[in-house]
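Chemist: Turn this into a model:
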Amino acid sequence: MEMIHTLGRRKTAVARVHMTTGEGKVIVNGKEYTDYFPILKNQIAVQEPFKLTNNTGAYDVKVNVKGGGVSGQAEATRLAISRALVKIDVGFKEILKKNGLLKRDPRMVERKKPGQPKARKNFQFRKR
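Modeler: Modelled structure (predicted):
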């Protein structure tokens, strides 16, 4: 199998995934994914596409991720891995879509408006 390249985004985090057949190594920015994502919730998010499709340990994944926070990066990585698995076998699409792993989360921070301290917050209004 040749190398498969996919992209995943979440908020301002962007994850680029390079997937090949192998023994299940997941390297994120030059580190093992358990070292890069120390929180268990984020580690589970990265492995979720493999567990749902029964491919744990079947593919080596090299991830380049930047921007956003740690959780956003983990979910961007999850989306990119899911898209790569769909490129490998179209049969995985139904399983991953049913569990919401092929949906991009578009929520981003709203921009700050002029004349206000934050996006929605206003300065205190004094009538008299």
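Chemist: So what's the residue count around the closest residue to residue 107 other than its chain neighbours?
Modeler: Nearest residue to residue 107, sequence neighbours excluded (Cβ to Cβ, 6 or more residues apart in numbering): residue 11, at 6.6 Å. Any C-beta I mention is one placed from the backbone N, CA and C, and that applies to glycine too. Taking other Cβ atoms under 10 Å as the criterion, the count of residues near residue 11 is 18.
Chemist: Show me where the protein has its helices.
Modeler: 33-36, 40-52, 70-88, 92-98 (DSSP state H).
Chemist: one step back: what's the residue nearest to residue 107 in contact with, if anything?
Modeler: 68-69, 72, 105, 107-109 (Cβ atoms under 8 Å, 6 or more residues apart in numbering).
Chemist: Model confidence for it, exactly?
Modeler: Per-residue pLDDT puts residue 11 at 92.
Chemist: which of the contacts of residue 11 count as buried?
Modeler: Neighbour counting by 16 or more other Cβ atoms under 10 Å classes 68, 72 among these as buried.
Chemist: Which of the contacts of residue 11 sits closest to residue 61?
Modeler: Minimum distance to residue 61 across the contacts of residue 11 is 18.0 Å, recorded for residue 72 (Cβ to Cβ).
Chemist: In space, what's closest to that closest one - neighbours in sequence excluded?
Modeler: Nearest residue to residue 72, sequence neighbours excluded (Cβ to Cβ, 6+ apart): residue 13, at 3.9 Å.
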